[in-house]
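S.K.: heads up, no residue letters with this:
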């Protein structure tokens, strides 16, 4: 089976899981995500007027299965453009993955629609933040005021704490750029490799040295300390997009860099029990459809990561039939 055949099979599995859902079902599932993100209150009201103004975009009431299935197929189409990912999936198809197949068969009917609803929220919220930085500002204000549950605070590893700190640094800096209209041309030259290094150290600590080495390749090829762009490699200064709504990050060979980064990070999150949720932030089209402008990838990816970190920390563990979600497969992760 080829890697693209695997993507097609996964796509069919996911679309089959939602074909019977109604617009009310999608609304209910997406609302639960916004509630966990604490962007709506206990009465299911938006906690900021910024969200009220775009409520129909963030939480539509007329979303049907045809539109959702098209969304899933779009995710698959962009994933299939990543040769690193396709090559890995072709190898993964030879693994038995007995335990993961068993869990998909027994829990998929519950898990898949909820993961897809999470992807719909992530797609719409990330797109809204990219379109209007005031949406990001409203999220930052609310999340800065929100308390991490005592349960989750106690479970946070050193890596979790460093990750939250570094992503928050990114968000604060970006909001400052939007407010002033001024951009630092060497923004992310240091912060991006630092962020990757956090994951490298965690991989090495857990024995995933090959993935750590891959991360090191990405970290070394960072944005330039220069005011001009290398026309051969694409490496250059950080700049605004032409509409001044997003940031262009110019590391060398950005399209290939993005492909490698995406599958490297997917491999990194494979060791978590809730990894299907963690893959979402890398696979939504707002992040993964970067072929037309690969330099914008990191901005959208960082927005999605910021949301995901709060989804993970503001609520309790993801539970299935009263048990904590445990879908990690060590054999798959080590192959990846």
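M.R.: Received the coordinates, thanks. Bear in mind the structure is a predicted one, so any value in this text is a computation, not a measurement.
S.K.: Once you drop chain neighbours, what's closest to residue 35?
M.R.: residue 44 (7.2 Å; C-beta to C-beta, 6 or more residues apart in numbering). No exception for glycine: its C-beta is placed from N, CA and C like everyone else's.
S.K.: For the one you found, pull up the helix or strand it's in.
M.R.: Under the criterion DSSP states H and E, no helix or strand holds residue 44.
S.K.: could you measure it against residue 302, distance?
M.R.: Residue 44 is 29 Å from residue 302, where distance means C-beta to C-beta, to the nearest Å.
S.K.: Counting neighbours, go ahead and name the busier of those two.
M.R.: residue 302 (22 against 10; other C-beta atoms under 10 Å).
S.K.: Tell me where the protein is predicted with low confidence.
M.R.: Filtered on pLDDT under 70, the chain yields the residue ranges 147-156, 314-317, 319-322.
S.K.: Now do the SS call for residue 94.
M.R.: coil (DSSP: H, G, I helix; E, B strand; the rest coil).
S.K.: Pull the number of nearby residues for it.
M.R.: With other C-beta under 10 Å as criterion, residue 94 counts 9.
S.K.: got it, and residue 47?
M.R.: Residue 47: 19 neighbours (other C-beta under 10 Å).
S.K.: How about the contacts made by it?
M.R.: Counting by C-beta atoms under 8 Å, 6 or more residues apart in numbering, residue 47 makes contact with 38-41, 142.
S.K.: Kindly list the main-chain dihedrals of it?
M.R.: phi -90, psi 0 (degrees, to the nearest 10).
S.K.: Residue 139 versus that one, what's the distance?
M.R.: Distance from residue 47 to residue 139, by C-beta to C-beta: 10 Å.
S.K.: Spit out the residues that contact the two alike.
M.R.: Joint contacts of residue 47 and residue 139 (C-beta under 8 Å, 6+ apart) are residue 39.
S.K.: Can you say which helix or strand has the most centrally placed residue in the chain in it?
M.R.: With distances taken as C-alpha atoms, centre = their mean, the chain has residue 281 as the residue nearest its mean C-alpha position (1.3 Å). Assessed by DSSP H and E, residue 281 sits inside helix 275-283.
S.K.: neighbours around residue 245, how many?
M.R.: Counted with other C-beta under 10 Å, residue 245 comes out at 15.
S.K.: quick one on the thing from earlier: from residue 28, how far off is the residue nearest to residue 35?
M.R.: In terms of C-beta to C-beta, residue 44 sits 10 Å off from residue 28.
S.K.: again with residue 158
M.R.: 37 Å.
S.K.: One more: residue 212?
M.R.: Applying C-beta to C-beta to residue 212 and residue 28 gives a distance of 41 Å.
S.K.: Just want to know which of those two has more residues nearby.
M.R.: Remark: of residue 212 and residue 28, residue 212 carries more neighbours, 21 against 12, as counted by other C-beta under 10 Å.
S.K.: contacting residues around the more buried one?
M.R.: 200-201, 203-204.
S.K.: just the residues you listed now: which is nearest residue 271?
M.R.: Closest approach between the contacts of residue 212 and residue 271, by C-beta to C-beta: residue 203, at 8.8 Å.
S.K.: Excluding covalently adjacent residues, which one is nearest to the closest one?
M.R.: residue 212 (4.1 Å).
S.K.: ditto for residue 115
M.R.: Using C-beta to C-beta, 6+ apart, the nearest residue to residue 115 is residue 276, at 5.0 Å.
S.K.: Tell me who's in contact with residue 37.
M.R.: By C-beta under 8 Å, 6+ apart, the neighbours of residue 37 are 121, 307, 310-311, 314.
S.K.: Repeat the analysis, applying 6 Å as the threshold.
M.R.: residue 311 (C-beta atoms under 6 Å, 6 or more residues apart in numbering).
S.K.: How much space separates it from residue 188?
M.R.: In terms of C-beta to C-beta, residue 37 sits 25 Å off from residue 188.
S.K.: can you check residue 82 too?
M.R.: For residue 82 relative to residue 188 (C-beta to C-beta), the value is 22 Å.
S.K.: Repeat that for residue 248.
M.R.: 10 Å.
S.K.: just residue 115 next, same as before
M.R.: From residue 115 to residue 188 the distance is 30 Å (C-beta to C-beta).
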